[in-house]
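A.B. asks: here is my input, please return the structure:
(one chain, ligands or ions: 2)
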Amino acid sequence: MIDFRNPYTPGAGMMPKYLAGRNTELESAEQRLLAIKAGYPARSVVYYGLRGVGKTVVLNAVAERAEDQGLLSRHIEVTEKSGSFVRSLSYACSAFVLSLSAKKTLQNKLGKLISVIRSFTATWNPSDNTISFELDGEALSSATAGTGNLTNDLTEVMVELGRYAQKADTAICFCIDEIQYASEGELEALITAVHRINQLGLPVIFFCAGLPKILKTMGDVKSYTERLFEFSRVDSLEIDSARKAIIEPAAELRVAFEPKAVDAIIEQTNGYPYFIQEMCATIWENSSSKVITVDDVASNIAATNERLDNGFFRVRFNRCTPRQQEFLVAMVQCGELPCTMANVAANMGISPTNRISTFRAQLIAKGLIYATGYGEVDFTVPKFDEFIKRTLPDKF
Ligand SMILES: Nc1ncnc2c1ncn2[C@@H]1O[C@H](COP(=O)(O)OP(=O)(O)OP(=O)(O)O)[C@@H](O)[C@H]1O
Ligand SMILES: [Mg+2]
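C.D. replies: Ligands and ions are numbered 1, 2, ... in the order given. Predicted structure coming up:
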(Lines give C-alpha, C1' and ligand atoms only; values in the text may rest on other atoms or scores of the structure.)
(Ligands and ions follow the chains in the order given, each with its own letter.)
Protein backbone atom coordinates (compact mmCIF):
# COMPACT_ATOMS: atom_id res chain seq x y z
CA MET A 1 0.00 0.00 0.00
CA ILE A 2 1.39 3.38 -1.01
CA ASP A 3 -0.19 5.18 1.94
CA PHE A 4 -2.92 4.29 4.43
CA ARG A 5 -5.02 7.06 2.88
CA ASN A 6 -6.47 5.81 -0.39
CA PRO A 7 -7.59 8.92 -2.32
CA TYR A 8 -9.81 7.04 -4.80
CA THR A 9 -13.52 6.67 -4.30
CA PRO A 10 -15.07 3.68 -6.07
CA GLY A 11 -18.67 3.53 -4.91
CA ALA A 12 -22.14 4.68 -5.88
CA GLY A 13 -22.47 8.44 -5.62
CA MET A 14 -19.17 8.89 -3.79
CA MET A 15 -17.83 12.39 -4.32
CA PRO A 16 -14.41 12.01 -5.93
CA LYS A 17 -11.43 13.87 -4.45
CA TYR A 18 -11.12 15.54 -7.84
CA LEU A 19 -14.36 16.09 -9.77
CA ALA A 20 -13.12 15.93 -13.35
CA GLY A 21 -14.70 17.22 -16.53
CA ARG A 22 -18.06 18.44 -15.30
CA ASN A 23 -17.45 22.20 -15.28
CA THR A 24 -19.85 22.91 -18.13
CA GLU A 25 -22.68 21.04 -16.43
CA LEU A 26 -22.03 22.64 -13.05
CA GLU A 27 -21.65 26.18 -14.37
CA SER A 28 -24.88 25.83 -16.27
CA ALA A 29 -26.61 24.47 -13.16
CA GLU A 30 -25.29 27.37 -11.12
CA GLN A 31 -26.68 29.90 -13.62
CA ARG A 32 -30.08 28.27 -13.37
CA LEU A 33 -30.02 28.32 -9.57
CA LEU A 34 -29.04 31.98 -9.52
CA ALA A 35 -31.77 32.81 -12.04
CA ILE A 36 -34.65 31.22 -10.15
CA LYS A 37 -33.41 32.62 -6.87
CA ALA A 38 -33.51 36.09 -8.45
CA GLY A 39 -37.08 35.48 -9.66
CA TYR A 40 -36.24 34.68 -13.28
CA PRO A 41 -37.27 31.53 -15.12
CA ALA A 42 -34.85 28.63 -15.62
CA ARG A 43 -35.42 25.26 -17.21
CA SER A 44 -35.15 22.15 -15.08
CA VAL A 45 -32.52 19.58 -16.08
CA VAL A 46 -32.39 15.82 -16.64
CA TYR A 47 -28.91 14.26 -16.58
CA TYR A 48 -28.91 10.94 -18.34
CA GLY A 49 -26.24 8.37 -18.98
CA LEU A 50 -24.96 4.86 -18.39
CA ARG A 51 -24.24 3.28 -15.01
CA GLY A 52 -21.16 4.61 -13.26
CA VAL A 53 -20.59 7.74 -15.38
CA GLY A 54 -21.10 10.08 -12.45
CA LYS A 55 -24.73 11.24 -12.60
CA THR A 56 -25.29 11.04 -8.86
CA VAL A 57 -22.05 12.87 -8.23
CA VAL A 58 -23.20 15.71 -10.53
CA LEU A 59 -26.54 15.82 -8.75
CA ASN A 60 -24.85 16.00 -5.35
CA ALA A 61 -22.58 18.77 -6.59
CA VAL A 62 -25.64 20.71 -7.81
CA ALA A 63 -27.33 20.28 -4.42
CA GLU A 64 -24.21 21.60 -2.72
CA ARG A 65 -24.20 24.66 -4.97
CA ALA A 66 -27.90 25.21 -4.35
CA GLU A 67 -27.29 25.30 -0.63
CA ASP A 68 -24.28 27.59 -1.06
CA GLN A 69 -26.56 30.00 -2.93
CA GLY A 70 -29.08 29.94 -0.10
CA LEU A 71 -31.71 27.86 -1.88
CA LEU A 72 -33.52 25.05 -0.12
CA SER A 73 -32.56 21.71 -1.63
CA ARG A 74 -33.39 18.03 -1.07
CA HIS A 75 -31.94 14.89 -2.63
CA ILE A 76 -34.41 12.15 -3.49
CA GLU A 77 -33.58 8.66 -4.74
CA VAL A 78 -36.40 6.81 -6.47
CA THR A 79 -36.29 3.03 -6.09
CA GLU A 80 -37.89 0.18 -8.01
CA LYS A 81 -40.54 -0.19 -5.32
CA SER A 82 -43.89 1.06 -6.46
CA GLY A 83 -44.88 4.35 -4.84
CA SER A 84 -41.30 5.22 -3.95
CA PHE A 85 -41.31 8.38 -6.08
CA VAL A 86 -44.35 9.95 -4.45
CA ARG A 87 -43.28 8.83 -0.98
CA SER A 88 -39.88 10.49 -1.34
CA LEU A 89 -41.44 13.61 -2.82
CA SER A 90 -43.83 14.03 0.08
CA TYR A 91 -40.99 13.45 2.49
CA ALA A 92 -38.98 16.19 0.78
CA CYS A 93 -41.97 18.54 0.77
CA SER A 94 -42.42 18.09 4.51
CA ALA A 95 -38.76 18.87 5.02
CA PHE A 96 -39.13 22.03 2.90
CA VAL A 97 -42.01 23.14 5.12
CA LEU A 98 -39.76 22.82 8.12
CA SER A 99 -37.05 24.88 6.47
CA LEU A 100 -39.58 27.51 5.37
CA SER A 101 -40.98 27.70 8.87
CA ALA A 102 -37.61 28.98 10.01
CA LYS A 103 -37.98 31.99 7.71
CA LYS A 104 -39.06 35.11 9.57
CA THR A 105 -41.62 36.28 7.02
CA LEU A 106 -43.43 32.94 7.16
CA GLN A 107 -43.54 32.26 10.87
CA ASN A 108 -47.03 30.99 11.83
CA LYS A 109 -48.25 31.66 8.28
CA LEU A 110 -47.76 28.26 6.71
CA GLY A 111 -51.31 27.01 7.26
CA LYS A 112 -52.36 26.50 3.63
CA LEU A 113 -49.08 24.89 2.62
CA ILE A 114 -49.22 22.50 5.53
CA SER A 115 -52.75 21.41 4.75
CA VAL A 116 -52.00 20.88 1.04
CA ILE A 117 -48.92 18.81 1.79
CA ARG A 118 -50.73 16.97 4.50
CA SER A 119 -53.53 15.91 2.15
CA PHE A 120 -51.00 14.93 -0.49
CA THR A 121 -49.05 12.83 1.97
CA ALA A 122 -52.17 11.14 3.28
CA THR A 123 -53.62 10.39 -0.14
CA TRP A 124 -50.52 9.09 -1.76
CA ASN A 125 -48.69 7.65 1.14
CA PRO A 126 -51.21 6.06 3.48
CA SER A 127 -49.15 3.21 4.87
CA ASP A 128 -45.90 5.04 5.29
CA ASN A 129 -44.97 5.94 8.81
CA THR A 130 -41.48 7.23 8.16
CA ILE A 131 -42.85 10.74 7.74
CA SER A 132 -43.22 12.10 11.18
CA PHE A 133 -42.34 15.75 10.89
CA GLU A 134 -44.07 17.98 13.33
CA LEU A 135 -44.66 21.66 13.18
CA ASP A 136 -46.23 23.59 16.05
CA GLY A 137 -47.23 20.27 17.56
CA GLU A 138 -49.08 19.14 14.43
CA ALA A 139 -47.88 16.03 12.64
CA LEU A 140 -47.56 16.70 8.93
CA SER A 141 -48.43 13.15 8.06
CA SER A 142 -51.82 12.68 9.68
CA ALA A 143 -54.46 14.05 7.45
CA THR A 144 -57.53 14.67 5.41
CA ALA A 145 -57.77 13.35 1.86
CA GLY A 146 -56.56 14.98 -1.36
CA THR A 147 -58.43 14.74 -4.64
CA GLY A 148 -56.97 11.35 -5.48
CA ASN A 149 -55.67 12.57 -8.82
CA LEU A 150 -51.88 12.51 -8.70
CA THR A 151 -51.36 15.11 -11.41
CA ASN A 152 -53.71 17.63 -9.78
CA ASP A 153 -52.47 16.99 -6.27
CA LEU A 154 -48.79 17.13 -7.11
CA THR A 155 -49.30 20.33 -9.10
CA GLU A 156 -51.12 21.91 -6.18
CA VAL A 157 -48.34 20.95 -3.78
CA MET A 158 -45.64 22.36 -6.05
CA VAL A 159 -47.53 25.59 -6.69
CA GLU A 160 -48.10 26.20 -2.98
CA LEU A 161 -44.50 25.34 -2.19
CA GLY A 162 -43.37 27.79 -4.87
CA ARG A 163 -45.66 30.55 -3.59
CA TYR A 164 -44.37 30.22 -0.06
CA ALA A 165 -40.75 30.06 -1.21
CA GLN A 166 -41.37 33.23 -3.18
CA LYS A 167 -42.81 34.97 -0.12
CA ALA A 168 -39.77 33.94 1.88
CA ASP A 169 -37.49 35.26 -0.86
CA THR A 170 -35.92 31.88 -1.47
CA ALA A 171 -36.18 29.08 -4.03
CA ILE A 172 -36.64 25.32 -3.95
CA CYS A 173 -34.38 22.80 -5.66
CA PHE A 174 -35.39 19.14 -5.96
CA CYS A 175 -32.60 16.72 -6.92
CA ILE A 176 -34.21 13.46 -8.06
CA ASP A 177 -31.93 10.50 -8.69
CA GLU A 178 -32.80 7.23 -10.52
CA ILE A 179 -35.80 8.95 -12.08
CA GLN A 180 -36.16 6.07 -14.57
CA TYR A 181 -37.83 4.08 -11.79
CA ALA A 182 -40.77 6.53 -11.63
CA SER A 183 -43.86 5.20 -13.39
CA GLU A 184 -45.29 6.91 -16.46
CA GLY A 185 -48.15 8.27 -14.36
CA GLU A 186 -45.72 9.73 -11.85
CA LEU A 187 -43.60 11.29 -14.60
CA GLU A 188 -46.69 12.77 -16.20
CA ALA A 189 -47.65 14.33 -12.88
CA LEU A 190 -44.16 15.72 -12.42
CA ILE A 191 -44.01 17.20 -15.93
CA THR A 192 -47.44 18.79 -15.57
CA ALA A 193 -46.46 20.27 -12.20
CA VAL A 194 -43.26 21.71 -13.69
CA HIS A 195 -45.29 23.16 -16.56
CA ARG A 196 -47.59 24.92 -14.10
CA ILE A 197 -44.86 26.32 -11.87
CA ASN A 198 -43.09 27.63 -14.97
CA GLN A 199 -46.28 29.34 -16.17
CA LEU A 200 -46.68 31.00 -12.78
CA GLY A 201 -43.01 31.94 -12.61
CA LEU A 202 -42.55 30.22 -9.26
CA PRO A 203 -39.08 29.54 -7.87
CA VAL A 204 -39.00 25.75 -7.97
CA ILE A 205 -36.48 23.82 -10.06
CA PHE A 206 -35.80 20.13 -10.63
CA PHE A 207 -32.50 18.45 -11.36
CA CYS A 208 -33.07 14.80 -12.23
CA ALA A 209 -30.73 11.95 -13.11
CA GLY A 210 -31.43 8.61 -14.74
CA LEU A 211 -30.58 5.97 -17.30
CA PRO A 212 -30.81 6.79 -21.02
CA LYS A 213 -34.30 5.32 -21.34
CA ILE A 214 -35.64 8.37 -19.53
CA LEU A 215 -35.08 10.46 -22.65
CA LYS A 216 -37.70 8.53 -24.57
CA THR A 217 -40.10 7.89 -21.68
CA MET A 218 -40.35 11.54 -20.69
CA GLY A 219 -40.78 12.62 -24.31
CA ASP A 220 -43.52 10.03 -24.85
CA VAL A 221 -45.39 11.00 -21.70
CA LYS A 222 -45.80 14.66 -22.68
CA SER A 223 -44.98 16.22 -26.01
CA TYR A 224 -43.84 19.49 -24.44
CA THR A 225 -41.28 17.86 -22.09
CA GLU A 226 -38.32 19.16 -24.06
CA ARG A 227 -39.41 22.73 -23.55
CA LEU A 228 -39.54 22.26 -19.79
CA PHE A 229 -36.41 20.19 -19.24
CA GLU A 230 -32.96 20.37 -20.70
CA PHE A 231 -31.64 16.85 -21.31
CA SER A 232 -27.93 16.77 -20.58
CA ARG A 233 -25.90 13.67 -21.40
CA VAL A 234 -23.33 12.60 -18.80
CA ASP A 235 -20.71 10.48 -20.50
CA SER A 236 -17.30 8.92 -19.95
CA LEU A 237 -14.54 11.50 -19.37
CA GLU A 238 -12.64 13.12 -22.23
CA ILE A 239 -8.93 12.25 -22.22
CA ASP A 240 -7.74 15.41 -20.44
CA SER A 241 -10.38 15.09 -17.74
CA ALA A 242 -9.74 11.37 -17.32
CA ARG A 243 -6.06 12.19 -16.89
CA LYS A 244 -6.89 14.65 -14.11
CA ALA A 245 -9.27 12.20 -12.42
CA ILE A 246 -6.34 9.77 -12.26
CA ILE A 247 -3.48 12.12 -11.36
CA GLU A 248 -4.97 14.75 -9.05
CA PRO A 249 -6.14 12.62 -6.09
CA ALA A 250 -2.68 10.99 -5.88
CA ALA A 251 -0.83 14.29 -6.34
CA GLU A 252 -2.42 15.58 -3.14
CA LEU A 253 -0.58 12.79 -1.33
CA ARG A 254 2.62 13.36 -3.33
CA VAL A 255 2.27 10.30 -5.49
CA ALA A 256 2.83 10.59 -9.25
CA PHE A 257 2.02 8.51 -12.33
CA GLU A 258 4.32 7.84 -15.25
CA PRO A 259 2.61 9.30 -18.36
CA LYS A 260 2.45 5.82 -19.89
CA ALA A 261 0.73 4.50 -16.78
CA VAL A 262 -1.96 7.16 -17.16
CA ASP A 263 -2.45 6.24 -20.82
CA ALA A 264 -2.76 2.58 -19.87
CA ILE A 265 -5.42 3.33 -17.25
CA ILE A 266 -7.41 5.40 -19.72
CA GLU A 267 -7.20 2.61 -22.26
CA GLN A 268 -8.34 0.00 -19.74
CA THR A 269 -11.20 2.08 -18.34
CA ASN A 270 -12.32 3.90 -21.51
CA GLY A 271 -12.49 6.99 -19.30
CA TYR A 272 -15.49 5.69 -17.30
CA PRO A 273 -15.28 7.39 -13.89
CA TYR A 274 -16.31 4.33 -11.89
CA PHE A 275 -13.71 2.14 -13.60
CA ILE A 276 -11.03 4.80 -13.13
CA GLN A 277 -11.77 4.96 -9.40
CA GLU A 278 -11.80 1.18 -9.02
CA MET A 279 -8.60 0.66 -10.99
CA CYS A 280 -6.67 3.46 -9.28
CA ALA A 281 -7.85 2.32 -5.84
CA THR A 282 -6.63 -1.20 -6.62
CA ILE A 283 -3.27 0.00 -7.90
CA TRP A 284 -2.90 2.14 -4.79
CA GLU A 285 -3.54 -0.81 -2.52
CA ASN A 286 -1.17 -3.15 -4.31
CA SER A 287 1.76 -0.83 -5.03
CA SER A 288 4.38 0.65 -2.77
CA SER A 289 6.35 3.16 -4.84
CA LYS A 290 5.65 6.89 -4.94
CA VAL A 291 5.73 6.73 -8.74
CA ILE A 292 3.15 4.49 -10.36
CA THR A 293 4.49 2.80 -13.48
CA VAL A 294 2.94 1.15 -16.50
CA ASP A 295 3.96 -2.19 -14.97
CA ASP A 296 1.92 -1.38 -11.85
CA VAL A 297 -1.07 -0.86 -14.13
CA ALA A 298 -0.49 -4.10 -16.05
CA SER A 299 -0.08 -6.15 -12.90
CA ASN A 300 -3.36 -4.81 -11.48
CA ILE A 301 -5.66 -5.44 -14.43
CA ALA A 302 -6.74 -8.87 -13.23
CA ALA A 303 -7.29 -7.69 -9.65
CA THR A 304 -9.34 -4.71 -10.86
CA ASN A 305 -11.50 -6.92 -13.05
CA GLU A 306 -12.07 -9.27 -10.16
CA ARG A 307 -13.25 -6.41 -7.97
CA LEU A 308 -15.49 -5.06 -10.71
CA ASP A 309 -16.91 -8.52 -11.42
CA ASN A 310 -17.67 -9.20 -7.77
CA GLY A 311 -18.92 -5.74 -6.90
CA PHE A 312 -20.29 -3.97 -9.94
CA PHE A 313 -21.27 -6.54 -12.54
CA ARG A 314 -22.24 -9.83 -10.85
CA VAL A 315 -24.89 -8.35 -8.54
CA ARG A 316 -26.67 -7.07 -11.62
CA PHE A 317 -26.35 -10.32 -13.54
CA ASN A 318 -27.52 -12.38 -10.55
CA ARG A 319 -30.67 -10.31 -10.25
CA CYS A 320 -31.81 -11.76 -13.58
CA THR A 321 -33.79 -14.94 -14.17
CA PRO A 322 -32.11 -17.69 -16.24
CA ARG A 323 -34.12 -16.63 -19.32
CA GLN A 324 -33.14 -12.98 -18.87
CA GLN A 325 -29.50 -14.06 -18.51
CA GLU A 326 -29.80 -16.00 -21.77
CA PHE A 327 -31.07 -12.81 -23.42
CA LEU A 328 -28.02 -10.89 -22.13
CA VAL A 329 -25.64 -13.61 -23.34
CA ALA A 330 -27.38 -13.59 -26.74
CA MET A 331 -26.80 -9.83 -26.96
CA VAL A 332 -23.07 -10.35 -26.48
CA GLN A 333 -23.09 -13.18 -29.02
CA CYS A 334 -24.26 -10.65 -31.61
CA GLY A 335 -20.64 -9.48 -31.65
CA GLU A 336 -21.51 -5.83 -31.96
CA LEU A 337 -23.56 -3.51 -29.77
CA PRO A 338 -26.19 -2.15 -29.97
CA CYS A 339 -27.81 -5.22 -31.49
CA THR A 340 -31.12 -5.94 -33.15
CA MET A 341 -33.87 -7.96 -31.52
CA ALA A 342 -33.89 -10.27 -34.53
CA ASN A 343 -30.26 -11.20 -33.88
CA VAL A 344 -30.87 -11.69 -30.16
CA ALA A 345 -33.84 -13.96 -30.90
CA ALA A 346 -31.80 -15.94 -33.43
CA ASN A 347 -28.98 -16.42 -30.91
CA MET A 348 -31.51 -17.62 -28.35
CA GLY A 349 -32.96 -20.02 -30.92
CA ILE A 350 -36.40 -18.45 -30.56
CA SER A 351 -38.75 -17.31 -33.30
CA PRO A 352 -40.65 -15.22 -34.10
CA THR A 353 -38.73 -12.29 -32.61
CA ASN A 354 -41.70 -10.92 -30.64
CA ARG A 355 -41.56 -13.97 -28.35
CA ILE A 356 -38.57 -12.40 -26.59
CA SER A 357 -40.16 -8.97 -26.13
CA THR A 358 -41.20 -9.82 -22.56
CA PHE A 359 -37.56 -10.40 -21.57
CA ARG A 360 -36.59 -7.18 -23.28
CA ALA A 361 -39.24 -5.24 -21.33
CA GLN A 362 -38.23 -6.89 -18.04
CA LEU A 363 -34.55 -6.10 -18.56
CA ILE A 364 -35.34 -2.50 -19.45
CA ALA A 365 -37.49 -2.18 -16.31
CA LYS A 366 -34.62 -3.62 -14.26
CA GLY A 367 -32.37 -0.93 -15.73
CA LEU A 368 -29.93 -3.37 -17.34
CA ILE A 369 -30.53 -2.61 -21.00
CA TYR A 370 -32.09 0.23 -22.97
CA ALA A 371 -33.49 0.74 -26.42
CA THR A 372 -31.19 2.83 -28.60
CA GLY A 373 -33.75 3.32 -31.38
CA TYR A 374 -34.74 1.32 -34.46
CA GLY A 375 -35.52 -1.63 -32.19
CA GLU A 376 -31.91 -2.06 -31.13
CA VAL A 377 -30.80 -2.68 -27.55
CA ASP A 378 -27.60 -2.02 -25.59
CA PHE A 379 -26.36 -2.44 -22.02
CA THR A 380 -26.81 0.40 -19.53
CA VAL A 381 -23.67 -0.85 -17.82
CA PRO A 382 -20.45 -0.09 -19.72
CA LYS A 383 -18.24 -3.10 -20.42
CA PHE A 384 -20.99 -5.52 -19.37
CA ASP A 385 -20.24 -7.54 -22.51
CA GLU A 386 -16.63 -8.04 -21.37
CA PHE A 387 -17.86 -9.23 -17.97
CA ILE A 388 -20.20 -11.78 -19.58
CA LYS A 389 -17.37 -13.06 -21.76
CA ARG A 390 -15.09 -13.40 -18.74
CA THR A 391 -17.76 -15.15 -16.70
CA LEU A 392 -19.14 -17.51 -19.34
CA PRO A 393 -16.21 -18.12 -21.72
CA ASP A 394 -17.67 -21.34 -23.14
CA LYS A 395 -20.61 -19.39 -24.65
CA PHE A 396 -18.30 -17.60 -27.06
N1 LIG B 1 -16.37 13.61 -12.65
C2 LIG B 1 -15.80 12.62 -11.97
N3 LIG B 1 -14.46 12.57 -11.78
C4 LIG B 1 -13.91 11.55 -11.09
N5 LIG B 1 -14.60 10.54 -10.56
C6 LIG B 1 -15.93 10.54 -10.71
C7 LIG B 1 -16.60 11.57 -11.43
N8 LIG B 1 -17.92 11.31 -11.43
C9 LIG B 1 -18.07 10.17 -10.75
N10 LIG B 1 -16.90 9.69 -10.32
C11 LIG B 1 -16.73 8.43 -9.58
O12 LIG B 1 -17.39 7.43 -10.38
C13 LIG B 1 -18.17 6.56 -9.59
C14 LIG B 1 -19.61 6.55 -10.06
O15 LIG B 1 -20.24 7.79 -9.81
P16 LIG B 1 -21.83 7.88 -9.64
O17 LIG B 1 -22.28 6.94 -8.60
O18 LIG B 1 -22.17 9.31 -9.51
O19 LIG B 1 -22.31 7.34 -11.07
P20 LIG B 1 -23.80 7.19 -11.59
O21 LIG B 1 -23.82 7.67 -12.99
O22 LIG B 1 -24.74 7.83 -10.64
O23 LIG B 1 -23.99 5.61 -11.58
P24 LIG B 1 -25.35 4.77 -11.40
O25 LIG B 1 -26.11 4.87 -12.70
O26 LIG B 1 -24.87 3.37 -11.15
O27 LIG B 1 -26.09 5.34 -10.25
C28 LIG B 1 -17.93 6.97 -8.14
O29 LIG B 1 -16.95 6.11 -7.63
C30 LIG B 1 -17.41 8.40 -8.22
O31 LIG B 1 -16.49 8.69 -7.18
MG1 LIG C 1 -26.25 7.11 -9.49
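A.B. asks: in the stretch 151-300 of the chain, what residue lies closest to ligand 1?
C.D. replies: Among residues of the stretch 151-300 of the chain, the one nearest ligand 1 by C-beta to the nearest ligand atom turns out to be P273. It sits 3.4 Å away. Backbone N, C-alpha and C define where each C-beta goes, glycine included.
A.B. asks: and what of the chain?
C.D. replies: Using C-beta to the nearest ligand atom, G54 is the residue of the chain that sits closest to ligand 1, at 2.5 Å.
A.B. asks: excluding residues flanking it in the chain, which one is nearest that residue?
C.D. replies: P273 (4.5 Å; C-beta to C-beta, 6 or more residues apart in numbering).
A.B. asks: wait, the one you found sits on E238?
C.D. replies: No: in terms of C-beta atoms under 8 Å, P273 does not count as a neighbour of E238; the distance is 11.7 Å.
A.B. asks: quick one: which of the two has more around it?
C.D. replies: With neighbours defined as other C-beta atoms under 10 Å, P273 and E238 compare such that P273 has more, 27 against 11.
A.B. asks: what sits against that one?
C.D. replies: P273 makes contact with P16, A20, G52, V53, G54, V57, S236, L237, A245, according to C-beta atoms under 8 Å, 6 or more residues apart in numbering.
A.B. asks: mind listing which of those are in helices?
C.D. replies: Secondary structure of the contacts of P273 is defined by DSSP state H; positions in helices are V57, A245.
A.B. asks: now, which of the contacts of P273 sits nearest R319?
C.D. replies: For R319, the nearest member of the contacts of P273 is G52. The distance, counting by C-beta to C-beta, is 16.4 Å.
A.B. asks: for the stretch 1-150 of the chain, just list every one of the strands.
C.D. replies: When secondary structure is read from DSSP state E, counting those that start in this stretch, the stretch 1-150 of the chain shows strands at 44-48, 72-77, 134-135, 138-139.
A.B. asks: redo these as CSV? Include mean pLDDT, distance to T293 and mean neighbour count.
C.D. replies: Conversion of those to CSV gives the following (pLDDT from 0 to 100; distance: least, C-beta to C-beta, whole Å; neighbours: other C-beta atoms under 10 Å):
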stretch, mean pLDDT, distance to T293, mean neighbour count
strand 44-48, 97, 36, 24
strand 72-77, 96, 40, 20
strand 134-135, 50, 59, 12
strand 138-139, 52, 61, 14
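A.B. asks: out of these, nearest to E258?
C.D. replies: strand 44-48 (33.9 Å).
A.B. asks: quick check: bridge partners of F207?
C.D. replies: Taking DSSP bridges, one obtains V45, C175 as the residues bridged to F207.
A.B. asks: state the pLDDT value of it.
C.D. replies: pLDDT for F207: 98.
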